[in-house]
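Peer 1: give me coordinates for this.
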Amino acid sequence: MTTIGILLTGHSPDEIRADLGDYDAMFAELLKGNGLSFRTYAVVDGEFPDRPDECDGWLITGSKHGAYEPHDWIPPLEQFIRDVYEDGRPMVGVCFGHQIIAQAMGGTVEKYSHGWAVGRQDYIIDGQPMALNAWHQDQVTKLPEGATVIGQNAFCDNAALLYGDRILTVQPHPEHTDEFFTRLAESRGRGLVPDEVLDAAIARVGQPTQHQIMADRMAAFLKRGA
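Peer 2: Next up is the predicted model:
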């Protein structure tokens, strides 16, 4: 069994968590059936692993926070990312995880001037069309050295990145189910995301996504750490 350390960089909204769980539970559900076990470190609350070899691989979750915000836990997280990269154990980052890894490795993350991507979005990832749910305004706008773009769409040039065989990151949220997205939109979306963007995203709920293809890709990448 391959043990994956989940670095929890935020918590799901209180009004949703009791029913659908926190972000670590969503990833455990997404990646189940792949011979992985999980250990959670709430880095957003100051709980960090001692060493990169404490787990076989690592996964960094999404967050409501910005990678560029001055939180005490962000610099040690960036250092841990660099330590894992040097150690060679596999790491996967999703949304905020995608962004903080890029920033830690020398890239730039900014609030995107063209606004939000929410709900089902169409991407080309690994050369194949792939629809996935998204929820972001921040983007990686400058690539770090050593990062290769493997996924993008017209809204997000750097939607999926590969750092050799060591780190895989994606901007969209394969762990977001339609139920989670709908409840997030209802509880947090109004007043944050423009109504026309949010309404269009809600109208797409129920259309198929390829989240399982991405989940299998992530699991295969992480199992290299066994």
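
Peer 1: next, the buried residues of the helix or strand bottoming out on mean pLDDT in the chain.
Peer 2: In the chain, no helix or strand scores lower on mean pLDDT, DSSP states H and E than helix 14-20, which sits at a mean of 91. Neighbour-count burial for helix 14-20 flags 16, 20 (criterion: 16 or more other Cβ atoms under 10 Å). In this view, the C-beta of every residue, glycine as well, is placed from N, C-alpha and C.

Peer 1: ok, residues contacting it?
Peer 2: For helix 14-20, the surrounding residues in contact (Cβ atoms under 8 Å, 6 or more residues apart in numbering) are 11-12, 26, 177, 179-180, 183-184, 187.

Peer 1: from Ile101, how far off is the residue most central in space within the chain?
Peer 2: Centroid-nearest residue in the chain: Val94, 1.2 Å away (criterion: Cα atoms, centre = their mean). Separation of Val94 from Ile101 (Cβ to Cβ, to the nearest Å): 10 Å.

Peer 1: go on, Glu86?
Peer 2: Between Glu86 and Ile101 the computed distance is 14 Å (Cβ to Cβ).

Peer 1: excluding chain neighbours, what is closest to Lys223?
Peer 2: Closest residue in space to Lys223, ignoring its immediate chain neighbours: Thr2 at 5.2 Å, by Cβ to Cβ, 6 or more residues apart in numbering.

Peer 1: beta partners for the one you found?
Peer 2: Per DSSP bridges, the residues bridged to Thr2 are Leu36.

Peer 1: hang on, Ala25 is in a helix, isn't it?
Peer 2: Yes - counting by DSSP: H, G, I helix; E, B strand; the rest coil, Ala25 is part of a helix.

Peer 1: report the contact partners of Arg224.
Peer 2: Residues near Arg224 by Cβ under 8 Å, 6+ apart: 57, 90, 165.

Peer 1: at 7 Å what do you get?
Peer 2: Pro90 (Cβ atoms under 7 Å, 6 or more residues apart in numbering).

Peer 1: same thing with Ala215?
Peer 2: For Ala215, the contact set (Cβ under 7 Å, 6+ apart) comprises 30-31, 174.

Peer 1: repeat that for Met91.
Peer 2: Counting by Cβ under 7 Å, 6+ apart, Met91 touches 57-58, 84, 166-167.

Peer 1: out of those residues, list just those in helices.
Peer 2: With helices defined by DSSP state H, the entries of the contacts of Met91 inside them are Val84.

Peer 1: of the contacts of Met91, closest to Thr40?
Peer 2: Nearest to Thr40 among those is Trp58, at 11.4 Å by Cβ to Cβ.

Peer 1: returning to what we had before: Trp58 is in contact with the residue nearest to the centre of the chain, correct?
Peer 2: No - the pair Val94 / Trp58 is not scored as a contact, 11.8 Å apart, by Cβ atoms under 7 Å.

Peer 1: name the nearest residue to Gly66, sequence neighbours excluded.
Peer 2: Asp138 (5.6 Å).

Peer 1: partners of that neighbour in the sheet?
Peer 2: Under DSSP bridges, the beta-bridge partners of Asp138 are Lys111.
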